[in-house]
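Q: Provided below for reference: sequence and predicted model.
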Amino acid sequence: MSEETDALDSEIAALGAELTAVTHKLLVKVREFDEREVFASMAYMSTAHYLNYRLSLSLPAAREKVRVAHAIAKLPKIDAAFASGALSYSKVRALTRIATLEKEEELLMVAKEISAAALEKVVRGVRRVETIASAEKREESRGLTCFFDDDGMFVMQGRFLPDEGAMIMKMLEAAPSPKERMPAGKRLADALVHVSEEALSGARAEGSSADRVQVVVHVDAEVLAHDVLDGRAEIEGVGVSAEVSRRLACDASIVTMTHDKHGNVVDAGRKTRVISTPLRRKLKERDSTCRFPGCTSTFTDGHHIQHWSQGGATTLENLVSLCRRHHRFVHEHGYAVKRDANGLIVFKDPRGAPIANAPPALPSPKGTALATAEMVMPRYATMDYHYVVNSLVRD
């Protein structure tokens, strides 16, 4: 090779080490972001959804970064090698699937000797052996217990197979959470309650005009349109704000009732849907998911940009799909959605600042300590996989 080629090779290797070190710094910040649950205060469903939007990562890649960020906190030697640029993110990602404090040093030695592709193969082999050995034990431990505690609380305790757990978590992540800035356990509990309500109420099939949830809201027209203080706005006798009433009425069935001066119903009209079934299909086809920046939920309501009670038309141009969580944010948490002069949908936070429609370009990192090319280059291209796997899974 020429001196020019050598220089180019060295520069690429050095930049790779720098990128690794910067990736470690990013994951440290991601872990802090997740532990502090900053995503909730910013109206994201999770840290992965934040990374999906802010850094343009796919959701699977974002979830993996969050997982690795938490895993390296418990593996100091792997963490140190990652931070120095000596161990690539690809290798760290693979190692964290099987690493423990007891095996960390041995795994680190193997990882430095082989390529990332070879390490992935080793990890798959270790996991396969461990899975076969523990399959019967896992099956025996699988189960769910439910009971009412002494204080009247309903308690659930369960163990599920990995694929079952992944399916359950996906279901819970897809369910809107009714409260923000709360511990993860409370959000999951709210999500489970929501899923149960949906199942019991008979979630509306595609194309059906049936209501998803039968919740009766009594609200005076003046309250709905103008937020007057002396009118009626309640759900089954419990008072709610006009904004809550507007949110529920955005996508609902409406029955107009006429009362006499004593409050007695003297006439009730037919139940009609605010958003017709054909229009709902068009809205679903256009939006596909919740339109709030960073959200990918497919469980959505139709939101009137200008509410129908205030003269807004129930047309495709005046509607936008929002999940229940972000529908609440727009109505009750100070967020806003409008169309700009070009007809584009724009969201604003409670300060009135637009929420970016695309993540910004990231500045080039500077001042990062470089690892040498030798630190990240595997020394052997081939290896005895059976020997390595057997040595890593031995008792």
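A: Here it is on my side, so go on. Bear in mind that the values here come from a model prediction, so they are computed numbers and not experimental data.

Q: Helices of the stretch 251-395 of the chain, start to end?
A: For the stretch 251-395 of the chain, the helices defined by DSSP state H, counting those that start in this stretch cover 277-287, 324-332, 373-376, 385-393.

Q: Dump those into JSON lines; add distance to D34 and mean pLDDT as well.
A: C-beta: built from backbone N, CA, C; applies to glycine. Shown next, in JSON lines, are the helices of the stretch 251-395 of the chain (distance: least, Cβ to Cβ, whole Å; pLDDT from 0 to 100):
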{"stretch": "helix 277-287", "distance to D34": "28", "mean pLDDT": "90"}
{"stretch": "helix 324-332", "distance to D34": "18", "mean pLDDT": "85"}
{"stretch": "helix 373-376", "distance to D34": "27", "mean pLDDT": "43"}
{"stretch": "helix 385-393", "distance to D34": "29", "mean pLDDT": "75"}
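
Q: quick one, which of these is packed in tightest?
A: Most buried of those, by mean neighbour count (mean count of other Cβ atoms under 10 Å): helix 324-332, with a mean of 22.

Q: Just checking the distance from that helix to the centre of its chain.
A: Averaged C-alpha coordinates place helix 324-332 at 16 Å from its chain's average position (Cα atoms, centre = their mean, to the nearest Å).

Q: For D349, grab the count of nearby residues.
A: D349 has 15 neighbours, counted by other Cβ atoms under 10 Å.

Q: nope, A13 is what I was after
A: Neighbourhood size, A13 [other Cβ under 10 Å]: 18.

Q: list the buried ones in the helix or strand harbouring it?
A: Using DSSP states H and E, A13 sits within helix 3-35. Neighbour-count burial for helix 3-35 flags 13-14, 16-18, 20-24, 26-28, 30-31, 33-34 (criterion: 16 or more other Cβ atoms under 10 Å).

Q: Please parse this protein into its domains.
A: Using automatic domain parsing, the domains assigned to the chain come out as 3-140, 143-201, 217-348.

Q: Let me see the ranges of the strands in the chain.
A: Applying DSSP state E to the chain gives strands spanning 143-148, 154-159, 217-219, 233-235, 238-239, 253-254, 257-259, 265-268, 272-273, 300-304, 319-323, 336-339, 345-348.

Q: hmm, back to that, how distant is the helix holding A13 from the center of its chain?
A: Distance, stretch centre to chain centre, for helix 3-35: 27 Å (Cα atoms, centre = their mean).

Q: quick check: mean pLDDT across that helix?
A: Regarding helix 3-35, the rounded mean pLDDT is 92.

Q: And stretch 49-59, by the same measure?
A: Per-residue pLDDT over stretch 49-59 has a mean of 90.

Q: Start and end of it, how far apart?
A: Stretch 49-59 stretches 7 Å from its first residue to its last (Cα to Cα, to the nearest Å).

Q: how far away is the nearest residue to S297 once chain neighbours are set aside from V346?
A: Nearest residue to S297 in three dimensions, chain neighbours excluded: C323, at 3.9 Å (Cβ to Cβ, 6 or more residues apart in numbering). As judged by Cβ to Cβ, to the nearest Å, C323 and V346 stand 18 Å apart.

Q: Comparing these two, which residue is more hemmed in?
A: C323 (24 against 14).

Q: Check the more buried one and give its pLDDT.
A: C323 is given a pLDDT of 87.

Q: For A61, see how far away it is.
A: To A61, C323 is 22 Å away according to Cβ to Cβ.

Q: ok, now P183?
A: Distance of P183 to A61, given as Cβ to Cβ: 26 Å.

Q: Sketch out the low-pLDDT regions of the stretch 51-200 of the chain for me.
A: Low-confidence segments of the stretch 51-200 of the chain (pLDDT under 70): 131-136, 138-139, 162-163, 176-182, 197, 200.
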